[in-house]
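Colleague: Build me a structure from this.
(4 chains)
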There are 2 protein chains.
Amino acid sequence: MRTSAISRKRARPQEVYERLRALIIDGRLAPGTRVIETDVATRLGVSRTPVRGALQRLQQEGYVVDSPTLRQTRPTVAPLTSEDAHEVFLLVGALEGLAASRAALGIAAERTALAAELTDINEAFRAAAAAQRPDHGRIFELDERFHRCYMKAAGRRVRSLHDTVKPQAERYERLYVSMLTSELHTSVVEHRAIVRAIRAGDAPAAQAAVETNWRNAAERLAAVVAATGERGSW
Amino acid sequence: MRTSAISRKRARPQEVYERLRALIIDGRLAPGTRVIETDVATRLGVSRTPVRGALQRLQQEGYVVDSPTLRQTRPTVAPLTSEDAHEVFLLVGALEGLAASRAALGIAAERTALAAELTDINEAFRAAAAAQRPDHGRIFELDERFHRCYMKAAGRRVRSLHDTVKPQAERYERLYVSMLTSELHTSVVEHRAIVRAIRAGDAPAAQAAVETNWRNAAERLAAVVAATGERGSW
DNA sequence: AGCGAGAATTTTGTATACAAATTACGATAC
DNA sequence: GTATCGTAATTTGTATACAAAATTCTCGCT
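Modeller: Below you'll find the predicted structure:
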């Protein structure tokens, strides 16, 4: 296949990026850990060149920061702090608010279809949250699907920025999703407000509803983070 | 001494990045132009390694895109389109809206001081705009100062994102600043609304005022871009 | 034992050689 | 004259060698 040959060449930095990012998001690379180019290179069986590219990208996106204590550039896994969580959530809310606003400006037929789709997902979300033994993975995935659904309406730049920032919210979400089950009903209600505004074509209301949803999530999370203790911010 | 920015270890990719970015922003590297690694490297007297880093960053930030027609990765200067302008402006508005909202949540003394500072800048802005022969450079700079002023209130991530996205709005602003002198008074009024909301500590109003300012700018600009013709979008 | 200076080690930054892939060009056939 | 195929040239992707800078370790001195 030609396509595999083509993607093979371009795939290596992407591959390294994705694997490192996954390690950071699910916590196997703990906050504060130093990321060594040569280490990663030998471990993944490539040279430092593609690793360097991936690392540079991770750093720009905020998964990796320069070690504050050390003078020279020494990439370390970014710490998780309640302050950062708050900022990331507000940021995602702002980006998704733009998308929702634009979705609400579409033609009626599109809005109706989108609203129906969102309602379906939210209903499944509600059901999953109400289950006796909630499946956190599924709940998480449905919430993600819900939000990604209206992101289709966003422009190239907003979508790409969202793809960059959103996974960082996941770093926090995954840590604390299990502790937030009691609050999930609030999310269901907030989701309904989003759907209503989009269906009605009320752009400011749609934007506000999305932002509110994320702002509340930020506050719920902040409480949990504060109670649990921050990680990697020593 | 030998600290000449060139020999400093970490300065080279940054240097390349800044020079390329400047070339793109002020239009000397026209939209659609292909950027060749080896070209840039020899022209700036460095190897491809730091150029590659700079290029990667420019691409991620949206100054450079992969040529759509060609199959292989071929970085080209991003085109200027009215649609993209609209998106960039809304994006900047959303980011600055977050900052303004947070500024409005500060303590009274800080808000008062900030409001005074903003009023001063806006007054200078008004005066510059009302001049017989307006100095576009100065007007542009004052507008920038005004907005950057409340960005101090934003968190690390929002500020860094703003630093990345805002200069791309400049690519468009430069095109039309000379054509919009008649509309500058509207900006003065919109700025006043921002100051009022921050001084009053009304976060939602501050956010809305900033977003409105940018949304209106986007629409004013779209008209000019449409009239002037898009560049680099063949 | 503590502290500091210097050496060794670690790690990143840069340059360059080489390989792979795509595009461009030209030649040939219909 | 045009289309198609093959070859050459351009350009990016990767690996590696080497240099510079910083941290760490060790040894000597107080």
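Colleague: and residue A:67, how many neighbours does it have?
Modeller: Using other Cβ atoms under 10 Å in any protein chain shown, residue A:67 is surrounded by 15 other residues. In short, each C-beta sits where N, CA and C put it, glycine included.
Colleague: should've said residue A:194
Modeller: The burial count assigned to residue A:194 is 28, neighbours taken as other Cβ under 10 Å.
Colleague: Name all residues that make contact with it.
Modeller: Contacts for residue A:194 (Cβ atoms under 8 Å, 6 or more residues apart in numbering or on different chains) come out as A:100, A:118, A:150, A:206, A:209-210, A:213.
Colleague: now swap in residue A:92 and tell me
Modeller: Residue A:92 neighbours (Cβ under 8 Å, 6+ apart): A:162, A:165-166, A:169, A:214.
Colleague: Now do stretch A:44-51, average pLDDT.
Modeller: Stretch A:44-51 shows an average pLDDT of 94 in the prediction.
Colleague: same question, stretch A:192-199
Modeller: Mean pLDDT, computed over stretch A:192-199, is 97.
Colleague: Now do it: distance to the chain's middle.
Modeller: Put simply, stretch A:192-199 sits 22 Å off its chain's centre (Cα atoms, centre = their mean, to the nearest Å).
Colleague: all strands for chain A, in order.
Modeller: Taking DSSP state E as the criterion, chain A carries its strands at A:64-66, A:75-77.
Colleague: The last one near DNA strand C at all?
Modeller: Yes. In this structure, strand A:75-77 sits against DNA strand C according to Cβ under 7 Å from any atom of the strand; the contacting residues are residue A:75.
Colleague: For the nearest residue to residue A:55 once chain neighbours are set aside, list the residues it contacts.
Modeller: Distances taken as Cβ to Cβ, 6 or more residues apart in numbering or on different chains place residue A:75 nearest to residue A:55, at 5.8 Å, with adjacent residues excluded. By Cβ under 8 Å, 6+ apart, residue A:75 lies in contact with A:34-35, A:55, A:58-59, A:64-67.
Colleague: what's the answer for residue A:119, then?
Modeller: Neighbouring residues of residue A:119 by Cβ under 8 Å, 6+ apart: residue A:195.
Colleague: mind checking how far it is from residue A:199?
Modeller: 9 Å (Cβ to Cβ, to the nearest Å).
Colleague: same deal with residue A:23?
Modeller: The value you get for residue A:23 to residue A:199, if Cβ to Cβ is used, is 40 Å.
Colleague: quick one: which of these two has more around it?
Modeller: More neighbours surround residue A:199 than the other of residue A:23 and residue A:199, with 20 against 17 (other Cβ under 10 Å).
Colleague: how far away is the closest residue to residue A:108 other than its chain neighbours from residue B:101?
Modeller: Closest residue in space to residue A:108, ignoring its immediate chain neighbours: residue A:201 at 7.0 Å, by Cβ to Cβ, 6+ apart. Per Cβ to Cβ, residue A:201 is found 25 Å from residue B:101.
Colleague: for chain A, what are the low-confidence residue spans?
Modeller: Low-confidence segments of chain A, defined by pLDDT under 70: A:1-10, A:69-72, A:228-234.
Colleague: Helices of that one, start to end?
Modeller: Secondary structure of chain A (DSSP state H): helices at A:2-25, A:37-44, A:48-61, A:82-104, A:108-130, A:136-151, A:156-176, A:184-200, A:203-228.
Colleague: Any part of the second one near DNA strand C?
Modeller: Yes. Residues of helix A:37-44 are located near DNA strand C by Cβ under 7 Å from any atom of the strand, namely A:37-39.
Colleague: Turn these into TSV, including neighbour count and distance to residue A:16.
Modeller: Below are the residues of helix A:37-44 next to DNA strand C laid out as TSV (neighbours: other Cβ atoms under 10 Å in any protein chain shown; distance: Cβ to Cβ, whole Å):
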residue	neighbour count	distance to residue A:16
A:37	15	11
A:38	10	13
A:39	11	12
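Colleague: now, among those, which is nearest to chain B?
Modeller: Minimum distance to chain B across those is 13.1 Å, recorded for residue A:37 (Cβ to the nearest Cβ).
Colleague: Quickly compare the strands of chain A and say which is most buried.
Modeller: The highest mean neighbour count among these, using mean count of other Cβ atoms under 10 Å in any protein chain shown, belongs to strand A:75-77: a mean of 20.
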